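**Student:** Turn this into a structure:
(chains A and B)
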Amino acid sequence: MATLTRQDLNFGQVVADILCEFLEVAIHLILYVREIYPSGIFQKRKKYNVPVQMSCHPELNQYIQDTLHCVKPLIQKNEAEKVVMVIMDKEHHPVERFVFEISQPPLLSISSETLLSHVEQLLRAMILKISVCDAVLDNNPPGCTFTLLVHTREAATRNMEKVQVIKDFPWIVADEQEVHMEEAKLIPLKTMTSDILKMQLYVEERTQKN
Amino acid sequence: FHPLPWRQRVAGGYMAAKISKLEEQFQKDAPSEKQKDGTSSCIFSGVAIYVNGYTDPSADELRRLMMLHGGQFHLYYTRSKTTHIIATNLPNRKIQDLKGEKVVRPEWITDSIKAGRQLSYVQYQLYMKQKGLNYSSVCARGKQDTSSIHEPSKPSLNHLQSDSIKPQPSHTQTLSTEVLKSTHANHKANFTERSNHQGSQDTLLTNGYVHPVNAALKPQDSFAELQSLISTASPAKQPGLHSMQKDLHPKPTSNPGTSAAPQKGNLHDQTRVRLNGSYHMTPNSSTLADSSNPPGRSAAGAEAGIISEFFSRSRLHHISTWRNEFSEYVNALQSRSRAAGGAVFSGQEKLKKLRANCSSGSLMAAPQVRQSCILHVDMDCFFVSVAVRHRPDLKGKPVAVTSNRGPGRVAQRPGANPQLEFQYYQRKQQQRPLFFLNGVDLDLAALSMAEIASCSYEARQAGVRNGMFFGRAKQLCPDLQSVPYDFQAYKEVALSMYETLASYTHNIEALSCDEALVDATNLLVELGVTSDDLARAIREDIKEKTGCTASVGMGSNILLARMATRKAKPNGQYFLRSEEVDDFIRGQPVSSLPGVGRSMSSKLTSLGVSTCGDLQQLSISRLQREFGPRTGQTLFRFCRGLDDRPVRSEKERKSVSAEMNYNIRFTQVEEAESFLTNLSMEVQKRMEGAGLRGRRITLKVMMRKPGAPVEPAKYGGHGICDNFARSVLLAQPTDSGQLIAAEAIKLFYAMKLDVKDMRGVGLQVQQLEGSYADPSGQGPSRGRSIKDLLLAKQPAHSPRKDPPAQGRSSVIRTEFFKSSLRLSDPMPGTSKGGLHHPHTPNHVRTYLNVSIEVPSPSQVDQSVLEALPVDIRKQVEQSWRHREEQPSTSSHLSTPPRTSSSPPPGPSLGTLVLQLQNQPGQPCTTGIILELPDVSQVDPEVFAALPRELQDELCSAYRNKGNAQAQVGKKNPFPQLKQPAVGKLKRRYKKRNASPAKKGPSPLKKLFPGNSPAKSSPSKTLPLPLKHPGLKVSLTDVPETLSKFNPRPVPTLAGAYEFSDIRTLLREWVTSISEPMEEDILQVVKYCTELVEDKDLEKLYLVIKYMKRLMQQSSESVWSMAFDFILDNVQVVVQQTYGSTLKIT
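**Tutor:** Just a heads-up that it's a prediction; the model follows:
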């Protein structure tokens, strides 16, 4: 009878935990698939019962972890609308934006027994889609970097400024340059809907990458 | 599938036996009846009636009359034997079930008897339309009648029934023809219809069942039985019980809304009048009278009305409801002041003046630094001071408010063992001051057990306490005066207290009827007065206005303010300064902390804690280990005087409950069941009042403790009890009493309790959410409006329930042609100007009407059209002309008209959507010239609703169908719009989306209520169903609330939402037609737009890619253009939503 509603304290937590775990895996995998870092720093791991690649560069990992750690409270409160991983070229112009658009499903409940396995299935499908996304994307120019952005629902930013989850790891309002991409093409990758989470992943790709 | 109707199948065994027995009984009774009543005849020989529902004269009387006059009376309806059905009022379903039968008003019988011969029943038919004689009167008669118009269509359509369907006499709805080739679909349709039918039979039968049972059991007191049968909604019959119920039946207002038939009200009135006197008993009178009326017999606890009665008298109930009322009062004040842009605080003004007067002197201390200050205003022994305020003679005397006004002594009732109970209470309350025993030798049995609600300070000095039994108090304080409750006065005083407070500030939290919290932080800064001055002013004001004294405690937080009040009492004020908090709180007993009740304080005592100082010694981890993380932390903070709770003017309710533990004495399980049902209705009432729904239902039961006396010392009280509770979690939040009752009864059975030992029953609903707010609590009222909208529209959706739609004369039809023409300007570009503004519900509604009207005209065939009156034909032809002008424009489809206009993102999306919504209006112009739809597609109800002439014409049209179809191509003046292929396709679409849904509430239809206009009117030839415009809007607005009463409305294309279905649909569309219809394209665009809004880009992507493949491969270049058009439109939407366009490779 582990049925919880959104009113329950740990409902948001459950969702946020699941989602952040997934985002971490996904970000690592995107870094690998999009060849942002040399493949040498990646290790093959198993997650959601499928092979994934995970970086073993401690600072990179720390950055991702810290970022997600800060995103988590937002997700808990359903204040994060999108988590975006932006891949930028040498001039810091975005070439690709992996957008995880998070919304709440119409029916919130953690009632079903098969829920977690169902969610895992959906996440696995998404991971698999990421690992083959290079098929639909053009190659990136060399020397790309990446950054993580969060699109919050209104007013959430103010709280974020007040409360720093991790010391000396503040949020910065993203440059227009990082957010905006000219002549972007949108490539939907995957949409998932479960009882606790509705998310879709799409890529915005700059038409002229080089 | 067995064609045998359900009822007959059932009638095989038990029912058959029962029916024949009842008939025998009837025959046996008849002679004796005839003897009794001299006037007998044989006018009704050969007539067998069945009475359905309420009639005047009653079923019993009719039965007697039939006995007297040679007729038969059937308790159960059998199609073969029953010749006439007697009814005055029948619900829609029943009418449909009984079609073809003679449904006659009871006057037929009485008049026939008067006339001495069997009159023709025709005049007395309940629904004149049964024979299609009097058309206009039907329209006037309203909803129910319209479906009986249905009848005449039966014979004419029957011959069209194909062999593919097993002939079912009662199932005329299934009109199949050679077109229904897919046997699967056929079966499916059959099945849904059958299940529906069964459902209705079922209800009918239950209905019919209840009445006969009632009549058969006890003809002489059928009123009470009928009532109780209805109220229990179960065929329970306990003759003994019923007679008792009849005696004690007070006020069955909370009946589980089974049938709110008018006769029921009558019955209630009668019983109520009869019973009011007998039930009206104060605990006092009952205690005195109890020797003659032992509570063991007062099974009134099982009664429906006692709940309302109980709650209307229960002190606790009153007080608890008041708190909510005052909270609402404060809320109302606040919102009013917001609306007025600031309120006038008379009290504030006064204070300001006061200060101005004093400011010359240096009396006034300078306002301190802004520090939060909470005032806790509490009336001094509220009930007593209210009672005493107009009775100066009682001032200064010990006074107690209680229900007992006697000497405090009562005779002992048999079965009661007060001593035992007192011992039990003593044992239990060892921690509490034992005010039962102060060394006084008590003759406990003789004491009144009425509790003291409130006592004056004088009485308190004598040792009297609140909650003490009156008899005991009288012993302690012999000159104790008792005053009765006066709820009206309490309310008045409380209201004026709140008014007084509100004259200072609106930052008030209503705690109860006599105490409130005021956040005076801002007020003090604003006025520049000290909190003491404010408190004094408030107290003086209250004293002046109410005549009662109040105490005010002040502190920097709620906790401290409340504690200060203790010190302030009586009639004083105390400001607990922050510097003295520590010392003060250390000396306070833990029980003074909020949330520390008896059980927790006993637990704390076991930990060696009695004061807050002791409590401070415990570490937070220890406390959390002992009491759980939250309570532990709260305790830890409270005992240090820390409290960060804000003064909230509105508090979130955690639970809604109704509990009753007075006078519960059940003898039978059924009583408990019906009691639970009634209690559930009470809960429903409260939840509705609070606008909440809940998911967790908890049933609490108090059971007599084994070994405790059967009769408690207190009359009707619960005595010594064990408490049991069990709860269940529902999938969906509910506020339906019936649902709660069903769950509660299940719980009750699961607990396996002996009803005789039940002493108290409580129902609690937790995990609440606003019944209108979405689960997150944001956007409070949006949901309800949408829901209401949907509900309100529901009747309009189904033609069956829409009398005007059915009984429409040709004039009205013409009007609708016009309106549809107006709305259906099909050019996206040109229509824009007209469509910008009308984004109002009103508009949507008009549009809805139109969409409902579409079907009937669209069925009309060329040949039928020619038979139409001239004016209608003109209209139609005009519409054709209108249509004719368009091919030129529609060839430009590939040029995207909307992208060029490049409107700003936000509103333009809305515009686009609106345009799309309006497009469907168009088919009615095109639809008219389409060929006659297949008979299978004719909704019999719609058909039935047509005027008689039209029906005949349609029938003849169908008869000539063969030639008609052959002629269609030649006859049609606009071939480009009317390829035979289109028709074929449409049929296919329709079959897909309409056939499962058209027979009433199929699961599919429930899933997509928004689509029901399209589905419930399958006769329309629109290939892709119209979407509900309101739904469209709501999708973007409140997807969450919608989902509360139905699964999320997934975007659908022609009813399909799985990608594979969509794909099949699209493939059929593209492969079967050489040239796409414009509205089809627009439907696809609309679907894609919905996908974008539903944030399902993946599916959109797949759909687009699939269409691209299909359409660009098509040999016709039109398809390729169509795809371009679709893609352009979709890209605009995507661009507006996401700022970039889809990459289509």
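
**Student:** need the contact list for the residue lying closest to B:Y1101 once chain neighbours are set aside.
**Tutor:** Closest residue to B:Y1101 apart from its sequence neighbours, by CB to CB, 6 or more residues apart in numbering or on different chains: A:P188 at 4.3 Å. C-beta: built from backbone N, CA, C; applies to glycine. Neighbouring residues of A:P188 by CB atoms under 8 Å, 6 or more residues apart in numbering or on different chains: A:200-202, B:1097-1098, B:1100-1101, B:1142.

**Student:** Helices along chain A, start to end?
**Tutor:** Counting by DSSP state H, chain A has helices at residues A:9-33, A:58-76, A:115-131, A:156-162, A:176-179.

**Student:** Out of those, indicate the one that is most buried.
**Tutor:** Mean neighbour count (mean count of other CB atoms under 10 Å in any protein chain shown) peaks for helix A:9-33 among the helices of chain A, with a mean of 20.

**Student:** Now do that helix against helix A:58-76, angle only.
**Tutor:** Counting by axes from the mean of the first three to the mean of the last three CA atoms, to 10 degrees, helix A:9-33 points 140 degrees away from the direction of helix A:58-76.

**Student:** Is chain B within reach of helix A:9-33?
**Tutor:** No. Helix A:9-33 does not reach chain B (CB under 8 Å from any CB of the partner chain); its nearest approach is 9.2 Å.

**Student:** so what secondary structure elements neighbour that helix?
**Tutor:** Where contact means 3 or more CB pairs under 8 Å, 6 or more residues apart in numbering or on different chains; DSSP states H and E, helix A:9-33 is packed against strand A:42-47, strand A:50-55, helix A:58-76, strand A:80-88, strand A:94-103, helix A:115-131.

**Student:** ranges for the helices of the stretch 651-800 of chain B?
**Tutor:** Listed in chain order, the helices of the stretch 651-800 of chain B (DSSP state H, counting those that start in this stretch) span B:669-690, B:737-751, B:782-797.

**Student:** Isn't B:L635 up against B:R625?
**Tutor:** No. At 11.8 Å, B:L635 does not count as touching B:R625 under the criterion of CB atoms under 8 Å.

**Student:** higher neighbour count, these two?
**Tutor:** Of the pair B:L635 and B:R625, B:L635 is the one with more neighbours under other CB atoms under 10 Å in any protein chain shown, namely 25 against 12.

**Student:** For the spatially closest residue to the more buried one that is not a sequence neighbour, list the residues it contacts.
**Tutor:** Distances taken as CB to CB, 6+ apart put B:L623 closest to B:L635, at 5.2 Å, once the chain neighbours are dropped. Shown in contact with B:L623 (CB under 8 Å, 6+ apart): B:631-633, B:635-636.

**Student:** Now intersect those with the strands, please.
**Tutor:** Among the contacts of B:L623, no member falls in strands (DSSP state E).

**Student:** Out of the residues you listed, which end up buried?
**Tutor:** By neighbour count, with 16 or more other CB atoms under 10 Å in any protein chain shown, the contacts of B:L623 hold B:632, B:635-636 as buried.

**Student:** Looking at the residues you listed, which is nearest chain A?
**Tutor:** Here the nearest of those to chain A, counting by CB to the nearest CB, is B:G632; it sits at 15.3 Å.
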